[in-house]
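Engineer: Need coordinates for the following:
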Amino acid sequence: MQRTRKQIKRIATAIVGGVVIIVGIIAIPYPGPGWLIVFAGLAILATEFTWAERVLDYARHKYDMWTEWSKRQHVAVRFLILALTGAIVLATLWLLNMFGIFDTVLQLHMSWLHSPLGIFK
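Structural biologist: All right, here's what the predicted structure looks like:
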């Protein structure tokens, strides 16, 4: 009975941690706590899995290195990083048909605003 309960807890932790990490990865390019969500998912997994603790330590280290590197860069490089992040956000919103929804609601009749994937119509 104890072994079964421990196994169920381990599986539930894996599912919850995995879902949190996926949500965090999706949120990374958007304004907000994307990386914090990823680290939270790894911390959840680290309660049951030692490999997740190692990955969490590695990810924290790489994140700290990235932030230190970006602080040392010229303002033009930082602006380019910001522009690329903005382009990723806009492309994702377009692919998810967010602009198409506004086109439909506002009746603008601009077909290029709609996603080529045909989702969320």
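
Engineer: Where does pLDDT dip in the chain?
Structural biologist: Within the chain, the set of residues satisfying pLDDT under 70 comprises 119-121.

Engineer: and the longest helix for it?
Structural biologist: Longest helix in the chain by number of residues (criterion: DSSP state H): helix 2-27.

Engineer: For Ile28, give me its contacts.
Structural biologist: When contacts are counted by CB atoms under 8 Å, 6 or more residues apart in numbering, Ile28 touches 34-35, 38. To be clear about C-beta, it is placed using only N, CA and C from the backbone, and glycine gets the same treatment.

Engineer: can you redo those residues as CSV with secondary structure?
Structural biologist: CSV is the format used below for those (DSSP: H, G, I helix; E, B strand; the rest coil):
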residue, secondary structure
Gly34, helix
Trp35, helix
Val38, helix
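
Engineer: that older thread, what about the longest helix of the chain, distance to the chain center?
Structural biologist: Remark: helix 2-27 is offset 17 Å from the chain centroid, using CA atoms, centre = their mean, to the nearest Å.

Engineer: now the residue nearest the centre of the chain, nearest residue through space, not along the chain?
Structural biologist: When CA atoms, centre = their mean is applied to the chain, the residue found nearest the centroid is Ile25 (2.3 Å). The spatially closest residue to Ile25, leaving aside those adjacent along the chain, is Val38, at 6.2 Å (CB to CB, 6 or more residues apart in numbering).
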